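# Let me see the structure of the following:
(one chain, ligands or ions: 1)
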Amino acid sequence: MTAPRLLVRRPSPRLADGELTHLERLPVDPVVALEQWEGYVEVFRARGWQIVEVDPADDQPDGVFVEDAVIVFDDLAVLCRAGAASRRGEAPSIRAAVARLDLEMAEVAAPGTLDGGDVLKVGRVVYVGASSRTDAEGIAQLRRMLEPRGWSIVEVPVHRVLHLKSAVTALPDGTVVGYAPLVDAPESFPVFVGIPEEHGTAVVVLDERTVLMSADAPETAEVYRKRGLEVVTAEVTEFEKLEGCVTCLSVRVRD
Ligand code: CIR
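Numbering: from 1, shown residues only. Model prediction:
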């Protein structure tokens, strides 16, 4: 088995100008952001992941949030069409990086919009947030790409946060976790567990027993540990100020 690959892009010096939808703008320190990004990438590198850097896009404030630009389903990479017009300039460099990954490619076409942050895979079920960034046409296109490949699509309303995965993610056993006040439709998920902190909702599954999460949710980390998981934390405050989280800083490509 080859090493899993991690697609990332270093933060733009203009990160502080990134889009904000639900949060008040706070000062963002680009030096701290870069240190935090390097710490995040190191978590994966130390575990044997192969790090694949997308070319920097310093004129794209939100370019670091690569999860929104491409989603991988088995050996198919779906290039998204960003819901925010300000983010569409991220696409060419993402396309070039994905072209080097030896995956099939499909692309969401105008007028559809789809952000990867709205897509949560749990087994062969793909939950897709109908949010301010992902529209019905984008979801319909994704459905046409994926259903013939054995994935089923479940549409989930998202109004209280930016993306579906700003509110919920899944543990290795498929349990969907979220901070209940921000989850519009918890009944969409067969197993939903509420956790105590907003920044605890985002987990990246590193392996069947280990998750990566924000350092800013210690009570939630304890909940996960009590479930038998090893918890690795990363400081991501500068990205959280821009409605980002641990999932959106990378695309995980596993064989
Ligand atoms: C945006 O509004 O697009 C960025 N400031 C944050 C994107 C975060 N992405 C994600 O949750 N998947």
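# What separation do you get for the closest residue to residue 150 other than its chain neighbours and the ligand?
Distances taken as CB to CB, 6 or more residues apart in numbering place residue 124 nearest to residue 150, at 6.1 Å, with adjacent residues excluded. To be clear about C-beta, it is placed using only N, CA and C from the backbone, and glycine gets the same treatment. Residue 124 sits 22 Å away from the ligand, taking CB to the nearest ligand atom, to the nearest Å as the criterion.
# cool, residue 145 as well?
In terms of CB to the nearest ligand atom, residue 145 sits 19 Å off from the ligand.
# element containing that residue, please.
Following DSSP states H and E, one finds residue 145 within helix 136-146.
# buried set for that helix?
Neighbour counts over helix 136-146 (16 or more other CB atoms under 10 Å) mark 137, 138, 139, 141, 142, 143, 145, 146 as buried.
# Name the nearest of these relative to the ligand.
residue 138 (14.5 Å; CB to the nearest ligand atom).
# List the residues that contact that closest one.
Contact analysis of residue 138 by CB atoms under 8 Å, 6 or more residues apart in numbering lists 80, 81, 83, 108, 112, 113, 114.
# hmm, try it at 6 Å
Taking CB atoms under 6 Å, 6 or more residues apart in numbering as the criterion, residue 138 is in contact with 108, 112, 113, 114.
# and the buried residues of helix 136-146 as TSV, adding pLDDT?
Shown next, in TSV, are these (pLDDT from 0 to 100):
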residue	pLDDT
137	98
138	98
139	98
141	98
142	98
143	98
145	98
146	98
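# hmm, which two among the residues you listed are most spread apart?
Farthest-apart pair in those is 137 and 146; separation 15.1 Å (CB to CB).
# how about low-confidence regions in this protein?
By pLDDT under 70, the low-scoring segments of the chain are 1.
# In it, where's the longest helix?
When the chain is parsed with DSSP state H, its longest helix is helix 30-45.
# who does the next helix or strand after it touch, helix- and strand-wise?
Following helix 30-45 in sequence order, the next helix or strand is strand 50-53 (DSSP H and E). Packing partners of strand 50-53 (3 or more CB pairs under 6 Å, 6 or more residues apart in numbering; DSSP states H and E): strand 5-8.
# what about the helix holding residue 145, distance to the chain center?
Distance of helix 136-146 from the chain centroid (CA atoms, centre = their mean, to the nearest Å) equals 18 Å.
# May I have that helix exported as PDB, CA atoms only?
C-alpha atoms of helix 136-146 as PDB (Å, rounded to 0.1, in the frame of the first residue of the first chain):
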ATOM      1  CA  ALA A 136     -29.000  22.700  -6.200                       C
ATOM      2  CA  GLU A 137     -27.400  22.500  -9.600                       C
ATOM      3  CA  GLY A 138     -24.000  21.800  -8.000                       C
ATOM      4  CA  ILE A 139     -25.500  19.000  -5.900                       C
ATOM      5  CA  ALA A 140     -27.300  17.600  -9.000                       C
ATOM      6  CA  GLN A 141     -24.100  17.500 -10.900                       C
ATOM      7  CA  LEU A 142     -22.300  15.700  -8.100                       C
ATOM      8  CA  ARG A 143     -25.100  13.200  -7.900                       C
ATOM      9  CA  ARG A 144     -24.800  12.400 -11.600                       C
ATOM     10  CA  MET A 145     -21.000  11.900 -11.200                       C
ATOM     11  CA  LEU A 146     -21.200   9.700  -8.100                       C
END
